[in-house]
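1. what follows is a protein structure lacking sequence information:
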């Protein structure tokens, strides 16, 4: 793939954040878009912005990516409308923050359904169309937390490590089977989006302080800049794309220290993370 011009690009989680910015960038570069989100209002805003950005053709659907049947129906409809699919960006994601011992099974199931099975569903349903296009690309959003672990993020870490393993193995299969599909795993660091604010927290967590920490100290890069890095890497067919200086630094730190990084983080995290609420 040389550019996004005249390519059919599918993006999940396009109602806000990086998904919205990727949709806008793709629209400006001449792509034909099929976007989705579970939030109808946010998705409608993205549609208006993409039209203003000059989108050649645009389809939008309100979809929960964890709903396998809905994803299958959507993939078929997109392929029928556009005649092909060239790129799928499995971007939709959510968070659950808090210690595992007080996390409910329902919260764990929810994040696995969106962050991991949503990626599986999107990849599985669109892959035949990508292969048929002769010029396909799978782009799966993992995280910096798909490269290193972090306390309070057992569920999020689990899903993002799963996305990484799934994506890397899929890439190997595409190479072995000589399918014309590149596979890229994306690892963003702290990006200025609403993912933390809109995520779930366990009962002992001080939600306001966690959101403030993320918004003011951890989220360093704009969603627009992140979208540019992601799509540029995807067009080039890179196997892995790290987004943000924090992603590069912490990934290299973990590689240098091996499993020892876990002990360092366990010592430092309590000094930086908000104190749990007292019951």
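-> Right, received. Where do you want to start? Everything numeric here is computed off the predicted structure, so don't read it as measured data.
2. my guess is residue 130 contacts residue 136. True?
-> Yes: if you go by Cβ atoms under 8 Å, residue 130 and residue 136 touch, sitting 2.9 Å apart. Where you see a C-beta, it was placed from the backbone N, CA and C, and this is true even at glycine.
3. so what sits against both of these two?
-> 85-87, 181 (Cβ atoms under 8 Å, 6 or more residues apart in numbering).
4. out of those, which is nearest to residue 36?
-> residue 85 (13.2 Å; Cβ to Cβ).
5. on the three-state scheme, the closest residue to that closest one other than its chain neighbours is what?
-> Counting by Cβ to Cβ, 6 or more residues apart in numbering, residue 85 lies nearest to residue 129, which is 4.0 Å off, once chain neighbours are set aside. Using DSSP: H, G, I helix; E, B strand; the rest coil, the structure places residue 129 in helix.
6. list the residues that contact residue 129.
-> Residue 129 touches 75, 78-79, 84-85, 136, counting by Cβ under 8 Å, 6+ apart.
7. now those as JSON lines including distance to residue 251?
-> Shown next, in JSON lines, are the contacts of residue 129 (distance: Cβ to Cβ, whole Å):
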{"residue": "75", "distance to residue 251": "33"}
{"residue": "78", "distance to residue 251": "34"}
{"residue": "79", "distance to residue 251": "36"}
{"residue": "84", "distance to residue 251": "35"}
{"residue": "85", "distance to residue 251": "31"}
{"residue": "136", "distance to residue 251": "27"}
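8. who's in contact with residue 202?
-> Residue 202 touches 96-99, 102-104, 107, counting by Cβ under 8 Å, 6+ apart.
9. before we move on, what about residue 4?
-> 26, 29-31, 87, 231, 235.
10. now, which of these lie within strands?
-> Mapping the contacts of residue 4 onto strands (DSSP state E) picks out residue 87.
11. burial count for the residue nearest to residue 45 when sequence neighbours are not counted?
-> Spatial nearest neighbour of residue 45, chain neighbours left out: residue 15 (7.3 Å); criterion: Cβ to Cβ, 6+ apart. When neighbours are counted by other Cβ atoms under 10 Å, residue 15 registers 25.
12. SS state for residue 15?
-> Residue 15 is classified as coil under three-state DSSP.
13. mind listing what it touches?
-> 37-39, 41-43, 45-46.
14. and the gap between it and residue 40?
-> According to Cβ to Cβ, to the nearest Å, residue 15 and residue 40 sit 8 Å apart.
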